[in-house]
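Asks: Need the 3D shape of this:
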Amino acid sequence: MGRKVLVLNADYRALTVCSVYKAIILLFSEKAEVVNKVENLYLRTVTRAFEVPSVIRLYHYVNVPFKNVMLNRHNIFKRDGGRCLYCGSREDLTLDHVIPRSRGGKTAWTNLVTACKRCNTKKGDYTPEEANMPLPYAPFRPSYVVFLRDFSGMGDESWKPYLVQNHVEY
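Replies: Got it, this is the predicted structure:
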């Protein structure tokens, strides 16, 4: 089962996502409670059927230091919707430094975008303005909760109230 479950801290703030199986373990070990469940979906054993949770809440508060979204190729592709920001293609994707590294550009959320190999080669060692290839938006660093809400592609409607209230802008 590929579904994911939103895990809330004791104060109802989004903490993480986990598999249905991990959520069931937390429920049976009495470390969490079901907040929302998936309608008409069950995890079946030989003798019982359990409703599949979509949101669970931990009983005890877990103090977690500030969470960041890890900067990696996969997460940049997610942020940019899996398409080249220059032409919109979904083929032969790679990463492009908006300000080229040869000109002092850093490897950071605000300087990396998804680009197809053709556009990346065309842009070369220029900025988007110099190459006449404007970006539709400035690259940004998503907050953890915004990343879960907008880019993870794993959630369902029952997650929205818990992710909207935690929205943090950078």
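Asks: Check whether Met133 really touches Lys122, as I assumed.
Replies: Yes: under the criterion of CB atoms under 8 Å, Met133 is in contact with Lys122, at a separation of 7.1 Å. In this view, the C-beta of every residue, glycine as well, is placed from N, C-alpha and C.
Asks: so what sits against both of these two?
Replies: Tyr86 (CB atoms under 8 Å, 6 or more residues apart in numbering).
Asks: and the strand ranked longest in the chain, what does it pack onto?
Replies: Across the chain, the longest stretch assigned as strand under DSSP state E is strand 32-44. Judged by 3 or more CB pairs under 8 Å, 6 or more residues apart in numbering; DSSP states H and E, the packing partners of strand 32-44 are helix 20-28, strand 49-58.
Asks: Next, count neighbours for the closest residue to Pro134 other than its chain neighbours.
Replies: The shortest distance from Pro134 to any non-neighbouring residue, by CB to CB, 6 or more residues apart in numbering, is to Pro128 (5.7 Å). Counted with other CB atoms under 10 Å, residues neighbouring Pro128 total 17.
Asks: is it fair to say Pro128 lies in a helix?
Replies: No: using DSSP: H, G, I helix; E, B strand; the rest coil, the assignment for Pro128 is coil, not a helix.
Asks: Alright, calling it a day.
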